[in-house]
Structure formats: C-alpha cells, structure tokens
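Asks: Return atomic coordinates for the entry below.
(chains A, B, C and D)
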Number of protein chains: 2
Amino acid sequence: MKPTIKDIAAKSGFSIATVSRVLGNKTGSYSEKTQIKILKVAKELGYRKNSVAVDLVKKRSDVIALIINATPTNFSTQIIDGIQQRASELGQGVIILYAGNRDNGLQHKAIITALERSVTGILLAAIEPDEQDLALLKASRIPYCFVSLYLGTRDILAVSSDNRDLAYQATQYLIDRGHTRISLVGIDGYHTGSQRQAGYRDAMAANQLTAADILSGDYSYESGVKLLQQVHDQGVTAVIAASDMVAAGLLTAAQQQGLTIPRDLSIMSIDGTIICQITTPALTSVTQDFYRIGSQSVNKVMGQPAEDFIPVVITERASVAVQK
Amino acid sequence: MKPTIKDIAAKSGFSIATVSRVLGNKTGSYSEKTQIKILKVAKELGYRKNSVAVDLVKKRSDVIALIINATPTNFSTQIIDGIQQRASELGQGVIILYAGNRDNGLQHKAIITALERSVTGILLAAIEPDEQDLALLKASRIPYCFVSLYLGTRDILAVSSDNRDLAYQATQYLIDRGHTRISLVGIDGYHTGSQRQAGYRDAMAANQLTAADILSGDYSYESGVKLLQQVHDQGVTAVIAASDMVAAGLLTAAQQQGLTIPRDLSIMSIDGTIICQITTPALTSVTQDFYRIGSQSVNKVMGQPAEDFIPVVITERASVAVQK
DNA sequence: TACAGTAAGGTAAACGTTTACGTAATCCGC
DNA sequence: GCGGATTACGTAAACGTTTACCTTACTGTA
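Replies: A predicted model of the protein is given here:
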C-alpha cells in the first residue's frame, strides 16, 4: 500500500494536520525539529503525495489541458514548447489531450475529459470546434482559449497569426515580384482557411488582379501532391501553399512532372517550419511564431495580458522566382 | 457552483447512492422510472461528473500517461496514434506529459506527475532514463513501459525496433550494393545509439570491412548539417543517418557543397517518416513501424501479451546508388 | 500575579464520489 | 399464508488531503 500522511502521522507521533502543514510548507505553524522529523519519516516511508486527493479538496488542478489535433503538421512541437515554458513559469503543469485527426467524436471526448478534471484552463490548438464543443466550453466555468485559430470574434479567447493579413502579405510578396497569376492551394473553408482566402482575394483585388479559383485541401502533404496537376492546369506562375506540408507535396509532385522550381512555378509556403529547410529548393515562407502563439495563449487563459495576433515574418529562401 | 450528485439527489428525491448507481450504469439496482427521472434531472442541472472524486475513491484513473520528449523528431505522432487507438480500445484515456528536450529535470518532474495521479500505466517514449528516474519508477507499484527504446534487459518492459538488427540490415543493404566505405552518422552513445553502433560494426566485420569512426550527434537536422563535412573527409561512399532528420541535414548540406546525391554519396536513413518523401531525392530508409510500437506498448503496460521487437522494413527510394 | 499574545499543534469537517451493508416491500412456490 | 428470493432503494463509511477553528503551554508585560 502506498503510504499516506496518516502513516507518517502515526510513525512520527504527530497529527495528520501537522504532517500536512510541513509537507505543504505552510511555514510558521510548526517547529524546526518537527519539520525535520516529519520530513525524515516521509522519506523513509517513500511518501509521495496523492494529487488526486489534493485536487479534490482544493477544487482545482494547477494543470492546463492542451487539446491538440493530430493533423500531421509539424508546428505542434513549437506551440507545445511555448505553452509548456510559460505554464511552468506560472506554476501550472500541462497535460496534452489528443483529439485525433479532425475527429469530432474524439474532440468532444477530449473536452469532456478536461472539464471533468477541473483543470485551470483549456487550450485548443488548431481545433475547429463544432456547435456542441462550443456549447460545452461555454457552459463550463473554466477559461478556454483557442490557439492558432481565430473564430472571428473577440468574445472567444484566441491567440493566432492574423490569417487574413498573413495571406495578404504572401500574395503581395508574389505580386511585388512580378507575378500576376497566383493561386491559393490546399486550404479548407473553416475559419483559418476562409480568413486566408479573404486575404488572398483582397490582395489580388487591391492590385487589380483576378483571383484564381481556390484549390481546396486539408493542409496535408497528400493534398499538395494531388493538387499539383490542377495548379498546372490553372496556368499560374506562382502558388501559395496552405501549409509547409502542402508546399512540400506540390514541390515533389512538380519535380516528378519534370518541372523546375522556381523557374517553372514559384511556391510560397505558409508556416515556416523546418520542413522549409529540408526541401530542395528550400521554401520561401511566411513564417509564424508558433512558440509565441503558445506562450501568449497561456497568458490568455490565465487571465494575464496577452496579444491576440502574433506578427508573421516573410522568410526568403529559394522557391520564389522573379517573374519578368 | 457545479452541480453534484447531491444536488441531483435533492432535486429528484432519491438518495445519492441511487443517483450514483444510475449515473454509473450499475444496472439491476434501480427501476426504469427512477433511471429516467434521475437522468432527466441530471441533464436539467447540466451535471458533469467529477473525475477527481471518482479517481480518489476508486484509487485509479483509467488513464495511461505518456511521457514524451521533444526532440524535434517527427515520428511521435505515429506513436501517439498507435497508443491512443489501442488505449481507447481498452477503455483507457491518454494524457501526454511533455519532458522537454533531453532535459533530465523535466523528465523527472513528468514521471512524478504521472505517479502522483495514480494512472494505470506509464509509457516513456524515446526517453533515456537516468538512475533516479528508474529508481522512481521501480519504487512505484504502477507498471511502466519504454517505447521505442530497449534498455538491454528483458526485466524492464519495452517495445521497440531491434536496433542492432536494424543497423545491421541498413549496413548490409549498402554492402550488397557495392559500398565498402560506409559510416554511421548523427548518433549518440545511449541505449538506442550503442545498439545501432553494434549492428553497424557487426555487419562491417561480418563482411571483412573496417568500420569508420562513428560521427556522433543528437539525431537532429542540425547534426546532419554539421557532420556532412566530416563525412566528406572520411571519404566514404555511403552513409547511414541516425534518423530522417539527420539524413535531411546531410542531404541539404551536401547539396550546398555541390555534391549530387546519390552519385557522390549514398544516404540511407533510419525511421522512414514522411520526411523521406519530402526531400529530393527521396530518402531510402529502414522504416520503423511506429504505430505498432505504440499500440503494442499499451498492451505491455496493461499486462496483455505483446511483442518486444517490432520488425522493420527497408523502403527503397532514391538516395542510394549502386557502387561499381 | 494576572493577562494578553503567540507559537505549536490537534480535531474534525469538507471535497464528490463509490459501494458494502442494511431494510422494506413485493413476489413466488407450495 | 409462510418462508425465502429478489427488487429497489437508503445509510454511512471510505478514499487522502487541506484548513478553519480549538487548545495548550509558554512568553512578556504591567
């Protein structure tokens, strides 16, 4: 049987209250001798506190739940790093709940799990909530914040890049380099997706250019591979990929078709993870600051001042050519 | 205030015992009318069970803790998928605890967190435990299993590829294609690393070839980039990379030096994740079955029959040339 | 001497469940 | 119409902590 404070109390001759106090460092209500003795007994017994009991009586967990989906995207580690770092500065642990791959059932289950565990806050990374999810979250009294997803209203806590601006910048970057036929590829119609679509369309319109049809996909490598043909058919000279993975898919598919990047097609990627360095040529990207997105979202959920939108930056590599 | 079963009991006119029974589906000890009424009241009140209290009285969690480190490697999603899937089949939830990047402090903290939460089992993915970690784990009464890491003894539960065999196969594959000067790059001296070193050396010896010096690193992209020069200096014709990331680093560094892969240098990678498809040329790899490693480790920790070593497979892509 | 104040520690309630045990009512067979 | 099962519930203890509230003994001060 795992030893409890009761065992320590019995063996040390003090009451459980005193034991609890020294173990919890509630200084000022016990003598040094007592402290030493109790600590010694605790160590002898191999005592380890039962957090479950603590949480029950304290009615909270000092734990932030991070719900994350499994889209084989690769920025999650950076987000997690940021969250972990900031959380631990604020004395919070982090547990990660996995919501499968755009699986509404698992998503819902993950939220319920978090709710049932009376965590301090819930972070939802790259999760598109459905009505039910939102209702659940709202009904609970615990704070939640979307990470890397902006639902279009300030009423719901969120930290992300400004996706409209991000796509606008990407588009403008290509236009500035002489491209006029540009398409946007591998994107969906949910919040992030439609915000980026808007940015792309606005930038095209602002330059008196006509936007191409959006080629929709799911941000994955496979999407990129599959959509290359359609990109080719559109006859564009440059493409904005919805993610590094899409960009990588486009790139390999293009090379298999005998195209030379960027001579035959310029590719601008969105994300700027390490994937961009791995490909040949390296991918020019609009780079998001995922670490900061993560750390700021912890601030948000803990009620501290935090930024809503984290600036992006364009990282020039080798996948965009100047169009004459 | 969050409603409790006490509130439901009061409002429905039954005792908390009965409420608990219908909510817990302990069939056979209440009438259908009772069930309907209680369920209705519960819904009205927006009742949600407090798992913390449940865990306390039941003295267990129905949760498996997965401790994972943040090495920016990319196979973790596959492992997590396998774990999640199998765990949910066995009625277990999964919480992921993040152990930083080879950070012994965080690692230790993560283990303690798991221990304090009376989880059903602990899975340690790609974690090299130190003495303290091991002592902690052993002292607890809860089962643990290393994932994708074999500590060299059957006394400690583990599921992984057979790393010696894996490296042997990789080496033999290159030898079979005419390479005689081969080196092993980006690897460390811990368990996985030294097992692979042994496999490499054994294969070389078995073919009367002399092994090159091992070029050590930490499985990262940066390691690969940094070590390319030394590979070049060794004058080998083929190289085995410790991971896909190392392979990718070697590849881009080589291309920057003006080398053509695989004409000037053959690269054999270890892991076989999607990274191998993204690079140009695509990387030939010995591919691990991470999903299966994950799911089998759940079996292990749940006391079910499970495999110790999951077979690997060689996936031919385009980064290895035949040496005449 | 008396009294307030303080240091050190004990008592017991509370957190929200589950479940062993008890009990009253109903049912069944004969 | 009696005894034993069974059904449908209630009572209360237990899980391992924290903490509000007491108690006791001592210290210092007037």
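Asks: so which strand or helix has residue A:199?
Replies: Using DSSP states H and E, residue A:199 falls within helix A:191-206.
Asks: Next SSE downstream of that helix?
Replies: strand A:215-216.
Asks: name the helices or strands packed onto that next one?
Replies: Here strand A:215-216 touches strand A:182-187, helix A:221-234, going by 3 or more CB pairs under 8 Å, 6 or more residues apart in numbering or on different chains; DSSP states H and E. Where you see a C-beta, it was placed from the backbone N, CA and C, and this is true even at glycine.
Asks: quick one: strands adjacent to whichever helix or strand comes after the longest one?
Replies: Along the chain past helix A:221-234, the next helix or strand (assigned with DSSP H and E) turns out to be strand A:238-241. Based on DSSP bridges, the pairing partners of strand A:238-241 within the sheet are strand A:182-187 (parallel), strand A:266-271 (parallel).
Asks: Show me where chain A has its helices.
Replies: Here chain A has its helices, by DSSP state H, at A:5-12, A:16-23, A:32-45, A:51-58, A:76-89, A:104-116, A:131-139, A:163-176, A:191-206, A:221-234, A:244-256, A:275-278, A:290-301.
Asks: OK, contacts around residue A:7?
Replies: A:45, A:47 (CB atoms under 8 Å, 6 or more residues apart in numbering or on different chains).
Asks: For it, give its distance to chain B.
Replies: 15 Å (CB to the nearest CB, to the nearest Å).
Asks: any idea how far the residue positioned nearest the centre of chain A is from residue A:70?
Replies: The residue lying closest to the centre of chain A (CA atoms, centre = their mean) is residue A:125, at 3.9 Å. Residue A:125 is 11 Å from residue A:70, where distance means CB to CB, to the nearest Å.
Asks: ditto for residue A:289
Replies: 22 Å.
Asks: now residue A:18
Replies: To residue A:70, residue A:18 is 48 Å away according to CB to CB.
Asks: out of the strands paired with strand A:238-241, nearest to DNA strand D?
Replies: strand A:266-271 (43.1 Å; CB to the nearest atom of the strand).
Asks: near chain B, which residues of the stretch 151-300 of chain A?
Replies: A:221, A:248, A:251-252, A:255, A:274-275, A:277-280, A:282 (CB under 8 Å from any CB of the partner chain).
Asks: Residues of the stretch 1-150 of chain A that sit close to chain B?
Replies: Counting by CB under 8 Å from any CB, the stretch 1-150 of chain A comes close to chain B at A:2, A:46, A:48-53, A:55-56, A:61, A:70, A:72, A:74, A:77, A:80-81, A:84, A:93-98, A:100, A:112-113, A:115-118, A:139-141.
Asks: how about a cut-off of 6 Å?
Replies: A:46, A:48-49, A:51-53, A:55-56, A:70, A:72, A:77, A:80, A:84, A:93, A:95-96, A:98, A:113, A:115-117, A:139 (CB under 6 Å from any CB of the partner chain).
Asks: In ChimeraX, select just the buried ones from those residues.
Replies: Selection of buried members from those for ChimeraX, criterion 16 or more other CB atoms under 10 Å in any protein chain shown:
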select /A:48,49,51,52,53,55,56,70,72,77,80,84,93,95,96,98,113,115,116,117
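Asks: Keep only the residues of the stretch 1-150 of chain A next to chain B that also lie close to DNA strand C.
Replies: A:53, A:56 (CB under 7 Å from any atom of the strand).
Asks: okay, the strands paired with strand A:238-241 in TSV with mean neighbour count and distance to residue B:129 next?
Replies: Shown next, in TSV, are the strands paired with strand A:238-241 (neighbours: other CB atoms under 10 Å in any protein chain shown; distance: least, CB to CB, whole Å):
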stretch	mean neighbour count	distance to residue B:129
strand A:182-187	26	41
strand A:266-271	28	34
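Asks: Of those strands, give the one that comes closest to residue A:26.
Replies: For residue A:26, the closest of the strands paired with strand A:238-241 is strand A:266-271, at 47.7 Å, according to CB to CB.
Asks: Export the closest one to PDB, keeping only CA atoms.
Replies: In PDB, the C-alpha atoms belonging to strand A:266-271 read as follows (Å, rounded to 0.1, in the frame of the first residue of the first chain):
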ATOM      1  CA  SER A 266       7.100  29.700 -57.700                       C
ATOM      2  CA  ILE A 267       6.000  28.300 -54.400                       C
ATOM      3  CA  MET A 268       5.300  30.400 -51.300                       C
ATOM      4  CA  SER A 269       4.600  28.400 -48.200                       C
ATOM      5  CA  ILE A 270       2.700  29.200 -45.000                       C
ATOM      6  CA  ASP A 271       4.200  28.200 -41.700                       C
END
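Asks: Distance from the chain centre to that strand, please.
Replies: Computed by CA atoms, centre = their mean, to the nearest Å, the chain-centroid distance of strand A:266-271 equals 20 Å.
Asks: Run the angle between that strand and helix A:244-256 for me.
Replies: Put simply, strand A:266-271 runs at 160 degrees to helix A:244-256, going by axes from the mean of the first three to the mean of the last three CA atoms, to 10 degrees.
Asks: how near is residue A:275 to residue B:110?
Replies: For residue A:275, the distance to residue B:110 - CB to CB - is 28 Å.
Asks: Can you tell me how far the nearest residue to residue A:204 once chain neighbours are set aside is from DNA strand C?
Replies: Spatial nearest neighbour of residue A:204, chain neighbours left out: residue A:211 (4.3 Å); criterion: CB to CB, 6 or more residues apart in numbering or on different chains. Going from residue A:211 to DNA strand C by CB to the nearest atom of the strand, to the nearest Å gives 53 Å.
Asks: Touching, residue A:211 and residue A:202? I think so.
Replies: No. Here residue A:211 does not reach residue A:202: they are 9.3 Å apart, not a contact under CB atoms under 6 Å.
Asks: for DNA strand C, what are the nearby residues on chain A?
Replies: A:13-18, A:28-31, A:33-34, A:53, A:56-57, A:59.
Asks: Pull the distance from stretch A:243-254 to the chain's centre.
Replies: On CA atoms, centre = their mean, the centre of stretch A:243-254 falls 21 Å from the chain's centre.
Asks: Please read the previous query as pertaining to stretch A:263-279.
Replies: 20 Å.
Asks: now swap in stretch A:4-16 and tell me
Replies: 45 Å.
Asks: got the CA positions of it in PDB?
Replies: Written as PDB, here are the backbone C-alpha positions of stretch A:4-16 (Å, rounded to 0.1, in the frame of the first residue of the first chain):
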ATOM      1  CA  THR A   4      -0.300   8.300   3.200                       C
ATOM      2  CA  ILE A   5       0.100  11.200   5.500                       C
ATOM      3  CA  LYS A   6      -1.800   9.100   8.000                       C
ATOM      4  CA  ASP A   7       1.100   6.700   8.100                       C
ATOM      5  CA  ILE A   8       3.600   9.500   8.500                       C
ATOM      6  CA  ALA A   9       1.500  10.900  11.300                       C
ATOM      7  CA  ALA A  10       1.300   7.500  13.100                       C
ATOM      8  CA  LYS A  11       5.000   6.800  12.700                       C
ATOM      9  CA  SER A  12       6.200  10.300  13.700                       C
ATOM     10  CA  GLY A  13       3.700  10.800  16.500                       C
ATOM     11  CA  PHE A  14       2.200  14.000  15.100                       C
ATOM     12  CA  SER A  15      -1.300  14.600  13.800                       C
ATOM     13  CA  ILE A  16      -2.100  14.500  10.100                       C
END
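Asks: Quick one: mean pLDDT over it.
Replies: For stretch A:4-16, mean pLDDT is 96.
Asks: got it, and stretch A:63-72?
Replies: Stretch A:63-72 carries an average pLDDT of 85.
Asks: about what we covered before: please identify which of the strands paired with strand A:238-241 is closest to residue A:88.
Replies: It is, among the strands paired with strand A:238-241 and with distance given as CB to CB, strand A:266-271, at 25.7 Å.
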